[in-house]
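Student: what shape does this take:
(chains A, B and C)
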Amino acid sequence: MMAAYTRCADLNQPEQQAEVFVETCRVRYPLTDWIVGREALTETLRTALARYSNTSHHLGNIEIDFEGPDSATAQSAVIAWHRRHDGSEWTLYGRYVDRWTRTEQGWRLAERELRAAGAVGRDDSQLPPLGRASGVLT
Amino acid sequence: MMAAYTRCADLNQPEQQAEVFVETCRVRYPLTDWIVGREALTETLRTALARYSNTSHHLGNIEIDFEGPDSATAQSAVIAWHRRHDGSEWTLYGRYVDRWTRTEQGWRLAERELRAAGAVGRDDSQLPPLGRASGVLT
Amino acid sequence: MMAAYTRCADLNQPEQQAEVFVETCRVRYPLTDWIVGREALTETLRTALARYSNTSHHLGNIEIDFEGPDSATAQSAVIAWHRRHDGSEWTLYGRYVDRWTRTEQGWRLAERELRAAGAVGRDDSQLPPLGRASGVLT
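Tutor: As a prediction, this is how the structure comes out:
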């Protein structure tokens, strides 16, 4: 299901992408508040994907902690390349922090937060930080 | 075997790379017709890899659908960085669409198509599209 | 544990990052000699991570060969994006070559060597090569 999320994004299929989530999901992107519910999420995804002519999302570093048979938390790293309709490009280096739940249809996302490690090709000074410890030697 | 394909590419080992495929494989890259058979494929790989001094292929988002005990389809996303002998570089954001078959030697690729989401550092307007839905809001 | 290594790097947590290794580990980065022991490694990681304001490491292509119930070798590919405190950026395309061992606490790294396929944004002519076969057609 993690891979389906990215495949649907890159194919600009916001409705199918939203089906990875439960109806009552909560989702937050770097510059949004919490988006509540699959209907609101679908609208957000549709608007966001429409800004681009091409995107390519690449997942790695998947870590899953099962809290029980039907519930898990997970983290993964993402490289997300975007090309706007004017040809300009930017790349996000980020991290998904997830809560998954098992439904009758299989595992679905109950909560997803996308945290930014940084962005190349656009100003990322307004993005909330990843939570990196201070990197300066003292 | 998916990882072996990329490792052999980055080490410029076209013969070993072709061993990931069955003898009767069919393969298509963004700007080629279908290449039929492992011998033709090896030649294509040898020529293609020889254009570069360095490459680095990175797989993610692997999705596998088993159609039976000996057959599966799979998709995966790839970031492929290339440096030519003149030092110029380009990066492909793509997607492998595969058919795998189980042989006596293990799982092998029967069919692979590489679709491009986009390329940075070279003109990608001639590449066949990924199949993205129209991204423009109406 | 592979993913924990990268997560701790990107959060600048060298102590936690070093816990992925056994006490008697051996580690080599592209421009270092073999670093022996977790204490020396922690110091190396602390100094290295302190050079950056942001990093993002992305693993893929993981291949594991089990040599027995408690020992394995592994290879993986990494894209490592770095931003220095002055805002300059560089990206490493590399490959981890590992030896893992199972301890009472679980699988840990006994040996890790990071080989470079190439680097973008910094001179990589001094980096030891990946071991690519000669790419020039004859």
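Student: tell me the SS of the closest residue to chain C within chain A?
Tutor: Using Cβ to the nearest Cβ, the closest approach of chain A to chain C is made by residue A:93 at 3.4 Å. Glycine gets a C-beta too; all of them are placed from N, C-alpha and C. With DSSP: H, G, I helix; E, B strand; the rest coil as the basis, the three-state label of residue A:93 is strand.
Student: list the contacts for it?
Tutor: A:77, A:78, A:79, A:116, A:117, A:118, A:119, A:120, C:54, C:56, C:58, C:81 (Cβ atoms under 8 Å, 6 or more residues apart in numbering or on different chains).
Student: and the longest helix along chain A, what does it pack onto?
Tutor: Looking across chain A with DSSP state H, the single longest helix is helix A:38-49. For helix A:38-49, the packing partners by 3 or more Cβ pairs under 8 Å, 6 or more residues apart in numbering or on different chains; DSSP states H and E come out as helix A:14-18, strand A:21-28.
Student: do the shortest one and chain B meet?
Tutor: Think helix A:14-18. No. Figure legend: helix A:14-18 not in contact with chain B (Cβ under 8 Å from any Cβ of the partner chain); closest approach 9.0 Å.
Student: residue A:23 reaches residue A:41, doesn't it?
Tutor: No. Contact between residue A:23 and residue A:41 fails when scored by Cβ atoms under 8 Å: they sit 10.0 Å apart.
Student: so for the two, which sits in the more crowded spot?
Tutor: It is residue A:41, of residue A:23 and residue A:41, that has more neighbours when counted by other Cβ atoms under 10 Å in any protein chain shown, with 21 against 11.
Student: show me what contacts the closest residue to residue A:88 other than its chain neighbours?
Tutor: Among residues not flanking residue A:88 along the chain, residue A:121 sits closest, at 7.3 Å (Cβ to Cβ, 6 or more residues apart in numbering or on different chains). Residues in contact with residue A:121 (Cβ under 8 Å, 6+ apart) are A:88, A:89, A:90, A:91.
Student: one more pass at 6 Å, please.
Tutor: Shown in contact with residue A:121 (Cβ atoms under 6 Å, 6 or more residues apart in numbering or on different chains): A:89, A:90, A:91.
Student: buried residues in the host helix or strand of the second one?
Tutor: Read that as residue A:90. Residue A:90 belongs to strand A:89-103 when assigned by DSSP states H and E. By neighbour count with 16 or more other Cβ atoms under 10 Å in any protein chain shown, strand A:89-103 contains the buried residues A:89-101.
Student: average pLDDT across whatever helix or strand comes next after it?
Tutor: As assigned by DSSP H and E, the chain's next helix or strand after strand A:89-103 is strand A:106-120. What strand A:106-120 shows for mean pLDDT is 95.
Student: skipping adjacent residues, who's closest to the residue of chain A closest to chain C in space?
Tutor: That would be residue C:56: by Cβ to Cβ, 6+ apart, it lies 3.4 Å from residue A:93.
Student: touching, the one you found and residue C:81? I think so.
Tutor: Yes. Counting by Cβ atoms under 6 Å, residue C:56 does reach residue C:81; the two are 4.6 Å apart.
Student: neighbour count winner among those two?
Tutor: residue C:56 (27 against 23).
Student: which ones are touching that one?
Tutor: A:93, A:117, C:10, C:81.
Student: farthest-separated two in those residues?
Tutor: C:10 and C:81 (9.5 Å; Cβ to Cβ).
Student: just to revisit the earlier point, what strands flank the stretch of helix or strand the residue nearest to residue A:93 belongs to, and is each parallel or antiparallel?
Tutor: Assigned by DSSP H and E, residue C:56 belongs to strand C:52-68. Strand C:52-68 pairs in its sheet with strand C:71-84 (antiparallel), by DSSP bridges.
Student: flag the helix or strand of chain A with the lowest per-element mean pLDDT.
Tutor: helix A:2-10 (a mean of 90; mean pLDDT, DSSP states H and E).
Student: elements contacting it?
Tutor: Contacts defined by 3 or more Cβ pairs under 6 Å, 6 or more residues apart in numbering or on different chains; DSSP states H and E place helix A:2-10 against helix A:14-18, strand A:52-68, strand B:52-68.
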